[in-house]
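Asker: I would like the atomic coordinates for the input below:
(chains A and B)
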Amino acid sequence: MTTMTATQQPAIAKAPGPWSVFVRVSSTIWSNGKARIGLIILGLFVVFAIFAPLIAPYGASQNGFDRSADPTAAHWLGTTAAGEDVLSQLIWGSQVSIFVGLVAGVLSTIIAVLVGLSWGYARGFGGDVVNFIVNLFLVIPGLPLMIVIAAYLSGGGIAMIITVVVITGWAWGARVLRSQTQSLRSRDFVTAAVFSGERPFRIVFREILPNMTSLIVGNFFGAATSAILAEAGLEYLGLGDSSVVSWGTMLFWAQNSNALLTGQWSLLFAPGLCIALLATSLTLINFGVDGISNPRLREGKQR
Amino acid sequence: MTSVTAAPRGAEGKAKSVEDDLPLQTDSSGRARQTTLFVLRKLGLFVLTLWAAVTVNFILPRLMPGTPADAALAKLAQNGPVSDATKAAIEAQLGVPTGNIFEQYVSYLHQVITLDFGVSYTFYPQTVAELVSTALPYTLVLVGAVTIIAFILGTLLGVLAAWKRGTWLDALPTLAGSFASAFPYFWTALLLLFFAGYVWRLFPTSGAYGPTATPNLSFAFLGDALYHAFLPALTILITSLGGWILGMRNTMISTLGDDYVTFAEANGLKPRVVALRYAARNAILPNLTSFGLALGGVVGGSILVERVFGYPGVGYLLFNAVTNQDYPLMQALFLMITLSVLVANFLVDILYGVLDPRTRR
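Answerer: Residues are numbered from 1 along each chain as shown, chains lettered A, B, ... in the order given. Alright, predicted model coming up:
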């Protein structure tokens, strides 16, 4: 867990630039078999999302086809109760999930890094107060809190969902990063930086932060996974903007138009499978990320 | 919600392990006092957290634009103009806050302590307290029982996976677990409902008991309730099991690298004894901490599951309250859900102290 990735070179060597860190992190993740599968699945979804206008056979809410039709050659996954093409909705819907996952993941990781690092480095009474607040956010059940906030802010759409997910999702990462900061703070290189007169801000973000690349990357993928699942859950409950085409709203409309009774399995099966695959891909990538931080979790090495 | 980044889990626990060589106080009175102090400290923290959660529940609606009465009036206004008398009646019924924020807070605390949350306006004239107390047992039993089963089963599978690292006994539960824990709760629920409920007709499709049954404690009713609870329970089990397997596997792998495990093996102890009595016993502690935290996620997931199965627990009631903008009911339910999770966390904290004497100091 406390592996250094940056400090194992001779002291004279220049600190690696952000690009070489990125390349090294990516290649470590890629070297893990599970993570490689995850990266491939994620890549496919990203391609679908970016090139949706080219790939999707029809528009996202283009209707007028047969209603609640079973799969045919023209509509590979059938049509919805409103006469829209399920496959096209699926492809367009990937945009929403990936967007929400990316934005909510980045935002809650930024908050977690800012809170976690400064909280781990600073000493004194403030720490106890932050500790209490973070624990409070950890212990209050997330989804009920999201539902309640979403109910008050009804009709806010995707921006509202991202806000709610970030409010409830930053605390876990903050705590993890804080305990790592605390254990790094007592290391010699930090003491050396303090004695050489560096300002606390620089010590925290230039000396300590680079040593936590793996934790931060892992935290991002974890936060993005829960954001995607939460977004789908809220939209399934009808708490988002139900006119936006996303995987969550597809399931919302499927249940409301009694797809269970009419036996339209593709309408129920496909959106959920996409959510599950996207979330799994991020979880699988995290296996590779765990490998950077803990060599014991790397593949191919017996205990 | 189940975070899979398991590496940092043991971090806080391990920092203390330097000072745990010998018990400093061996007389029983000193130990008893230590235990009492530990419980009191945890109890104080619990009460403080509870107060904070109650206060969050108070502040939240006041941060939001509009009041419940405004929302209800806006709904009514869609059907035509609203007279002043109707407006006054709605404001009286929904309890528009009077007085300054401090007075409101005091009367709110009084309401919470006396469990008087007023009248639900979706299920008028039933009171919120009645509705919540009917729904709470279903969720508590369902979520509580399934979570404990999932924890025990997942921990055992995690121990097995770590011990048989690199074989199919490791690969299968790890991969299946991480795939299943990425399933959205409501999707697993929808699939089970569709196949086991509608296509194969093995299980009832909604409700917590048959249409003719009345809730009592007879075996016939309990059997019926169990039959109705099976699919929701299976959903929660499938989606939450993976987190426990992965968490236990990762802490177990770290523990297996520790010197005392190597020493136990070198002493010629049976592999099973080393795995269960030495490694697993220590690896389970960090996993137990995440038990309390993961509970919040399971409770959240159960809301979606209850919605799918029309299971009359707290989650389904919350869904109804939210779709009908029944704010008094919604607030009380959120408070009750938070309270349940807090109590569970408190119990886990105490249990942790019992299992790991180091935390009592």
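Asker: shaky segments in the chain?
Answerer: Let's take chain A. Confidence mapping of chain A against pLDDT under 70 gives the ranges A:1-16, A:154-156, A:291, A:293-303.
Asker: Oops, wrong one, chain B.
Answerer: When residues are selected by pLDDT under 70, those of chain B lie in B:1-28, B:65-69, B:71-72, B:75-76, B:78-80, B:92-99, B:359, B:361.
Asker: Point to the residue nearest the middle of it.
Answerer: Closest residue to the average C-alpha location of chain B: residue B:295 at 3.2 Å, with CA atoms, centre = their mean.
Asker: Could you report the distance from it to residue B:131?
Answerer: 23 Å (CB to CB, to the nearest Å). Placement of C-beta: from N, CA and C, glycine included.
Asker: Was I right to think the residue nearest to the centre of chain B contacts residue B:150?
Answerer: No. Residue B:295 lies out of contact with residue B:150 (CB atoms under 8 Å); the separation is 10.7 Å.
Asker: Can you classify residue B:122 as helix, strand or coil?
Answerer: Three-state call for residue B:122 (DSSP: H, G, I helix; E, B strand; the rest coil): coil.
Asker: My error: substitute residue B:202 in the last question.
Answerer: Following three-state DSSP, residue B:202 is assigned to coil.
Asker: Burial check on the closest residue to it other than its chain neighbours, number of neighbours?
Answerer: Nearest residue to residue B:202 in three dimensions, chain neighbours excluded: residue B:196, at 4.8 Å (CB to CB, 6 or more residues apart in numbering or on different chains). If you count neighbours by other CB atoms under 10 Å in any protein chain shown, residue B:196 ends up with 17.
Asker: tell me the contacts of residue B:196?
Answerer: Neighbour list for residue B:196: B:202, B:203, B:231 [criterion: CB atoms under 8 Å, 6 or more residues apart in numbering or on different chains].
Asker: For residue B:178, which three-state class applies?
Answerer: Going by three-state DSSP: residue B:178 is helix.
Asker: Now do the helices in chain B.
Answerer: For chain B, the helices defined by DSSP state H cover B:11-15, B:28-63, B:68-77, B:84-93, B:101-113, B:128-163, B:168-181, B:185-192, B:219-256, B:259-266, B:271-273, B:281-309, B:314-323, B:327-355.
Asker: Compare those and give me the one nearest residue A:254.
Answerer: The closest of those to residue A:254 is helix B:185-192. By CB to CB, the value is 8.1 Å.
Asker: can you list the helices of chain B in a markdown table and add distance to chain A?
Answerer: As requested, the helices of chain B are exported to a markdown table (distance: least, CB to the nearest CB, whole Å):
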| stretch | distance to chain A |
| --- | --- |
| helix B:11-15 | 4 |
| helix B:28-63 | 5 |
| helix B:68-77 | 8 |
| helix B:84-93 | 18 |
| helix B:101-113 | 16 |
| helix B:128-163 | 8 |
| helix B:168-181 | 5 |
| helix B:185-192 | 3 |
| helix B:219-256 | 5 |
| helix B:259-266 | 9 |
| helix B:271-273 | 12 |
| helix B:281-309 | 3 |
| helix B:314-323 | 4 |
| helix B:327-355 | 5 |
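Asker: For the ones you listed, give me TSV that also has distance to residue A:133.
Answerer: As requested, these are exported to TSV (distance: least, CB to CB, whole Å):
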stretch	distance to residue A:133
helix B:11-15	17
helix B:28-63	8
helix B:68-77	27
helix B:84-93	34
helix B:101-113	19
helix B:128-163	26
helix B:168-181	28
helix B:185-192	28
helix B:219-256	25
helix B:259-266	38
helix B:271-273	44
helix B:281-309	15
helix B:314-323	25
helix B:327-355	15
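Asker: which stretch among those helices comes nearest residue A:51?
Answerer: Smallest distance to residue A:51 across those (CB to CB): 25.6 Å, for helix B:185-192.
Asker: Buried ones in that closest one, by neighbour count?
Answerer: For helix B:185-192, a neighbour-count test (16 or more other CB atoms under 10 Å in any protein chain shown) marks B:185, B:186, B:187, B:188, B:189, B:190, B:191, B:192 as buried.
Asker: between those residues, which is closest to residue A:68?
Answerer: Ranked by distance to residue A:68 (CB to CB), the buried residues of helix B:185-192 are led by residue B:190 at 16.6 Å.
Asker: Point me to the residue of the stretch 1-150 of chain B nearest chain A.
Answerer: Closest residue of the stretch 1-150 of chain B to chain A, CB to the nearest CB: residue B:64 (3.8 Å).
Asker: Now the helix or strand where residue A:226 lies - C-alpha only, PDB.
Answerer: Assigned by DSSP states H and E, residue A:226 falls within helix A:213-236. The C-alpha coordinates for helix A:213-236 follow below in PDB (Å, rounded to 0.1, in the frame of the first residue of the first chain):
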ATOM      1  CA  THR A 213      -1.400   8.200  -7.800                       C
ATOM      2  CA  SER A 214      -2.700   4.700  -7.600                       C
ATOM      3  CA  LEU A 215      -5.100   5.500  -4.700                       C
ATOM      4  CA  ILE A 216      -6.400   8.500  -6.500                       C
ATOM      5  CA  VAL A 217      -6.900   6.600  -9.800                       C
ATOM      6  CA  GLY A 218      -8.600   3.800  -7.900                       C
ATOM      7  CA  ASN A 219     -10.800   6.200  -6.100                       C
ATOM      8  CA  PHE A 220     -11.800   7.800  -9.500                       C
ATOM      9  CA  PHE A 221     -12.900   4.500 -10.900                       C
ATOM     10  CA  GLY A 222     -14.700   3.500  -7.700                       C
ATOM     11  CA  ALA A 223     -16.500   6.900  -7.600                       C
ATOM     12  CA  ALA A 224     -17.400   6.700 -11.300                       C
ATOM     13  CA  THR A 225     -18.800   3.200 -10.800                       C
ATOM     14  CA  SER A 226     -21.100   4.300  -7.900                       C
ATOM     15  CA  ALA A 227     -22.100   7.400  -9.800                       C
ATOM     16  CA  ILE A 228     -23.200   5.300 -12.800                       C
ATOM     17  CA  LEU A 229     -25.200   2.900 -10.600                       C
ATOM     18  CA  ALA A 230     -26.700   5.800  -8.600                       C
ATOM     19  CA  GLU A 231     -27.700   7.700 -11.700                       C
ATOM     20  CA  ALA A 232     -29.400   4.600 -13.200                       C
ATOM     21  CA  GLY A 233     -31.200   4.000  -9.900                       C
ATOM     22  CA  LEU A 234     -32.500   7.500  -9.500                       C
ATOM     23  CA  GLU A 235     -33.700   7.600 -13.100                       C
ATOM     24  CA  TYR A 236     -35.300   4.200 -12.700                       C
END
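Asker: got the buried residues for that helix?
Answerer: Result for helix A:213-236 [16+ other CB under 10 Å]: buried residues A:213-236.
Asker: now the helices for the stretch 151-300 of chain A?
Answerer: Per DSSP state H, counting those that start in this stretch, the stretch 151-300 of chain A carries helices over the ranges A:157-169, A:171-185, A:188-195, A:200-202, A:213-236, A:247-256, A:259-262, A:265-293.
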